[in-house]
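A.B. asks: Take a look and give me a structure for this.
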Amino acid sequence: GEGVAAASGPSVGALWRRPDPNVRMKAIVLLSRSKTDVAMSAIARAMTDSSDAVQRVALSSIGGAGGGKADPTATAAASKVMHTHESWAMRVLAAQALGRLGGPEATKQLREAAVKEPYALVRDAALVALAGYDKNEAAQLATQMAAHDAEPRVRETAAKIRDRR
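C.D. replies: Just a heads-up that it's a prediction; the model follows:
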C-alpha cells in the first residue's frame with residue numbers, strides 16, 4: 001500500500017522521466033498513492049508532460065484520495081494547463097484538479113477561468129470546482145455568472161450554486 005509507494009518514492013520518481021509515456025503514466029499512478037513532497041512534485045511536473053495521456057493521469061490523480069493539500073507547485077502547474085492547453089477537455093481536468101487542491105491561489109485561478117475562459121464547459125467546470133471547497137466565494141461568483149454568462153447551461157449551473165447557500 002502507501003508504505004511501499006512511499007518507500008519506493010525516489011525510484012518510482014525516476015520512472016516518470018523515462019521516454020515511454022506508458023511507463024511515465026504507470027509511475028504517476030504509483031506516485032499518486034504517496035503523499036510525500038517528492039511524489040507531489042513529480043506529479044506536478046507531469047501535469048505539463050509532452051504526452052497528453054501522462055498529463056491526463058497526473059491531473060486526475062492530484063489531490064486524490066486522502067485529499068490534496070494546497071501544494072503551490074501543483075497549483076501552478078494545473079493553473080498553467082487550465083489557462084493554456086489547446087484542448088478544452090484538458091482545461092476542464094485542470095479546473096477539477098484545482099478544485100481538489102483548493103487554497104487561495106486555486107481560488108484566484110478558478111475565478112479568472114470562470115469569468116474569462118472562452119469555452120463554456122471550462123467556465124462551468126471552474127465554477128463547480130470552486131464550489132467544491134469554497135461555498136461563499138463560489139456563491140458570489142455564481143451570482144455574477146447567473147446574470148451575465150453568455151451560455152444558458154453555465155447560467156443554469158451558476159443559479160444552482162448561487163441558490164445552494
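
A.B. asks: Centre-most residue in this protein?
C.D. replies: Computing the C-alpha centroid of the chain and ranking residues by C-alpha atoms, centre = their mean puts A97 first, at 1.7 Å.

A.B. asks: Pretty sure that one sits against V57.
C.D. replies: No. Contact criterion C-beta atoms under 8 Å: A97 and V57 do not qualify, at 11.3 Å. In short, each C-beta sits where N, CA and C put it, glycine included.

A.B. asks: ok, G102 - contacts?
C.D. replies: Applying C-beta atoms under 8 Å, 6 or more residues apart in numbering, we find G102 in contact with 63, 68, 70, 133-134.

A.B. asks: thinking again about what came up before, elements contacting the helix or strand the residue nearest to the centre of the chain falls within?
C.D. replies: Using DSSP states H and E, A97 sits within helix 88-101. Applying 3 or more C-beta pairs under 8 Å, 6 or more residues apart in numbering; DSSP states H and E, one finds that helix 88-101 contacts helix 52-61, helix 72-84, helix 104-116, helix 120-131.

A.B. asks: Output those in JSON lines; the columns should cover mean neighbour count, distance to V29 and mean pLDDT.
C.D. replies: Formatted as JSON lines, the helices and strands packed on helix 88-101 follow (neighbours: other C-beta atoms under 10 Å; distance: least, C-beta to C-beta, whole Å; pLDDT from 0 to 100):
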{"stretch": "helix 52-61", "mean neighbour count": "21", "distance to V29": "6", "mean pLDDT": "94"}
{"stretch": "helix 72-84", "mean neighbour count": "20", "distance to V29": "16", "mean pLDDT": "95"}
{"stretch": "helix 104-116", "mean neighbour count": "20", "distance to V29": "23", "mean pLDDT": "97"}
{"stretch": "helix 120-131", "mean neighbour count": "25", "distance to V29": "22", "mean pLDDT": "98"}
